[in-house]
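Colleague: structural data only, the sequence is not supplied:
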């Protein structure tokens, strides 16, 4: 093995997950004795994932390049995975940035997986060059490996399911819902009352639709998030290969949402991707993992929303809007067509362009930019004009419609 190469970690002893539904139709027991329970609480969105069997930190640290940190760390027992802000006693969390590591002191987590260069941590930890990949190995236990027994699904007598649709094990379809030909309702997924799932659409495992949700043809809800870590290739350390991170979170779509055709909404890595009540999504929109889309948003064709973006209520995104990851967009903001956003957009803002500017400022800026490109010709027109009226006439010929001459 070359000096700079890192082996891909693997964890043994994995078991086949099972799936069932709680009384309220939410997914549970995706890991046999444990499970995934997503709920919207007054404290925020919490996810609890518990292993079928508890694990010793010392066992996990047997992976190549791993190092235990903390007195007695090898005997620490972990029984689930979580995020640092939602961790319960017994959970192990992934903390890679300085901010995440600092937050461990106030976390309820029992242990953490941190990068090799991290010097100190307030709780027992495993150091590893690829901490996110190690954490991903633990998430694999919560990802179903088959569709389950379709006979174990629950379809309300008043629901209409086409004979060419597929309802997987543990799935639930509510009263009055219509599932059209070619649609797939994945293992443990929930479709509420009065929903419509169009031709060849997929509601993948564990995902939840509220009541009166419309999903048009060819849409996929719950595809894996686009998450990878890179390591040097064994045969060429100057080239990096991308290693997939499993995504064990789900997608939750609240009541009265309408989703157009050929839309892709990725499941979260751990926390759910969330689509708020009453939101309307046009055709050909991409919403990445762990996004939280607020209530009554309008998102128009060709918009692309990167991971962990949060929007407030009544946000409007026009066509071809692009949003960078971890962006926050305030209540009532309007992103006009083609706008590219990174960072934060204030509530009630109306922006356009890149960098995004208030609409009035954008047109002033583009007008000034046009003036700069025409400076030489403007000066020549001024020198060759006998009076101001002639100059205005020449300028009206120089400037295209949309940049009218102003005295």
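Modeller: Noted; the coordinates are in hand. Since the structure is predicted, the reported quantities are computational estimates derived from the model, not experimental observations. Numbering: from 1, shown residues only.

Colleague: give me the contact list for stretch 64-75.
Modeller: Residues from elsewhere that reach stretch 64-75 (CB atoms under 8 Å, 6 or more residues apart in numbering): 6-7, 9, 56-58, 60-61, 76, 111, 114, 116, 121, 123-129, 134. Where C-beta positions appear, they are placed from N, C-alpha and C, glycine not excepted.

Colleague: from those, which land in strands?
Modeller: 56, 111, 114, 125-128 (DSSP state E).

Colleague: okay if I get the residues you listed as JSON lines plus distance to residue 279, pLDDT and neighbour count?
Modeller: Output for these, formatted as JSON lines (distance: CB to CB, whole Å; pLDDT from 0 to 100; neighbours: other CB atoms under 10 Å):
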{"residue": "56", "distance to residue 279": "44", "pLDDT": "95", "neighbour count": "14"}
{"residue": "111", "distance to residue 279": "37", "pLDDT": "95", "neighbour count": "26"}
{"residue": "114", "distance to residue 279": "37", "pLDDT": "95", "neighbour count": "26"}
{"residue": "125", "distance to residue 279": "39", "pLDDT": "95", "neighbour count": "28"}
{"residue": "126", "distance to residue 279": "39", "pLDDT": "96", "neighbour count": "25"}
{"residue": "127", "distance to residue 279": "41", "pLDDT": "95", "neighbour count": "21"}
{"residue": "128", "distance to residue 279": "39", "pLDDT": "95", "neighbour count": "23"}
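
Colleague: may I ask which two of the residues you listed are separated the most?
Modeller: Using CB to CB, the ones in strands among the contacts of stretch 64-75 span at most 17.8 Å, a distance reached by 56 and 114.

Colleague: any idea how this structure splits into domains?
Modeller: 20-142, 153-358, 374-398 (automatic domain parsing).

Colleague: helix, strand or coil for the nearest residue to residue 80 once chain neighbours are set aside?
Modeller: Closest residue to residue 80 apart from its sequence neighbours, by CB to CB, 6 or more residues apart in numbering: residue 50 at 4.0 Å. Classification of residue 50 by DSSP: H, G, I helix; E, B strand; the rest coil places it in strand.

Colleague: can you give me the neighbour number for residue 50?
Modeller: 25 (other CB atoms under 10 Å).

Colleague: and if you look at residue 364?
Modeller: 12.

Colleague: mind telling me what element it is part of?
Modeller: helix 359-373 (DSSP states H and E).

Colleague: which residues are in contact with stretch 158-170?
Modeller: With contact meaning CB under 8 Å, 6+ apart, stretch 158-170 is reached by 19-21, 27, 147-153, 155, 173-189, 197, 205.

Colleague: 6 Å instead, please
Modeller: With CB atoms under 6 Å, 6 or more residues apart in numbering as the test, stretch 158-170 has contacts from 19-21, 147-150, 152-153, 155, 173, 175-188.

Colleague: what's in contact with stretch 379-389?
Modeller: 391, 394.

Colleague: can you give me the helices in the stretch 51-200 of the chain?
Modeller: In the stretch 51-200 of the chain, helices defined by DSSP state H, counting those that start in this stretch lie at 57-60, 98-103, 131-139, listed in chain order.

Colleague: from those, which stretch is densest packed?
Modeller: helix 131-139 (a mean of 21; mean count of other CB atoms under 10 Å).

Colleague: please name every helix or strand in contact with that one.
Modeller: With contacts taken as 3 or more CB pairs under 6 Å, 6 or more residues apart in numbering; DSSP states H and E, helix 131-139 sits against strand 111-115.

Colleague: so what strands line up beside the strand it packs on?
Modeller: Next to strand 111-115 in the sheet, as set by DSSP bridges, lie strand 91-94 (parallel), strand 125-128 (parallel).

Colleague: closest one to residue 337 among these?
Modeller: Proximity to residue 337 (CB to CB) singles out strand 91-94 among the strands paired with strand 111-115, at 37.5 Å.

Colleague: returning to that earlier point: so which of the domains of the chain is the most packed in?
Modeller: The stretch of the domains of the chain with the highest mean neighbour count (mean count of other CB under 10 Å) is domain 153-358, at a mean of 20.

Colleague: on that earlier part again, need the domains of the chain in TSV (columns: distance to residue 364).
Modeller: Output for the domains of the chain, formatted as TSV (distance: least, CB to CB, whole Å):
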stretch	distance to residue 364
domain 20-142	38
domain 153-358	9
domain 374-398	16
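
Colleague: next up, the contacts around the closest residue in space to residue 78 that isn't next to it in sequence.
Modeller: The shortest distance from residue 78 to any residue other than its chain neighbours is 4.1 Å, reached at residue 92 (CB to CB, 6+ apart). Shown in contact with residue 92 (CB under 6 Å, 6+ apart): 78, 81, 111.

Colleague: for the residue nearest the centre of the chain, grab phi and psi.
Modeller: With distances taken as CA atoms, centre = their mean, residue 289 lies nearest the centre of the chain, 1.6 Å away. Main-chain dihedrals, residue 289, degrees, to the nearest 10: phi -60, psi 140.

Colleague: how about the nearest residue to it once chain neighbours are set aside, what does it touch?
Modeller: In space, and not counting its chain neighbours, residue 289 is closest to residue 225: 2.8 Å by CB to CB, 6+ apart. Residues in contact with residue 225 (CB under 6 Å, 6+ apart) are 247, 266, 269, 289.

Colleague: so how far is residue 375 from the first one?
Modeller: Note on residue 247: its distance to residue 375, by CB to CB, to the nearest Å, is 53 Å.

Colleague: please apply the same query to residue 325.
Modeller: Relative to residue 375, residue 325 is positioned 39 Å away (CB to CB).

Colleague: am I right that residue 392 sits in a helix?
Modeller: Yes: assessed by three-state DSSP, residue 392 belongs to a helix.

Colleague: quick check: residue 332 touching residue 316?
Modeller: No: taking contacts as CB atoms under 6 Å, residue 332 lies outside contact range of residue 316: 8.4 Å.
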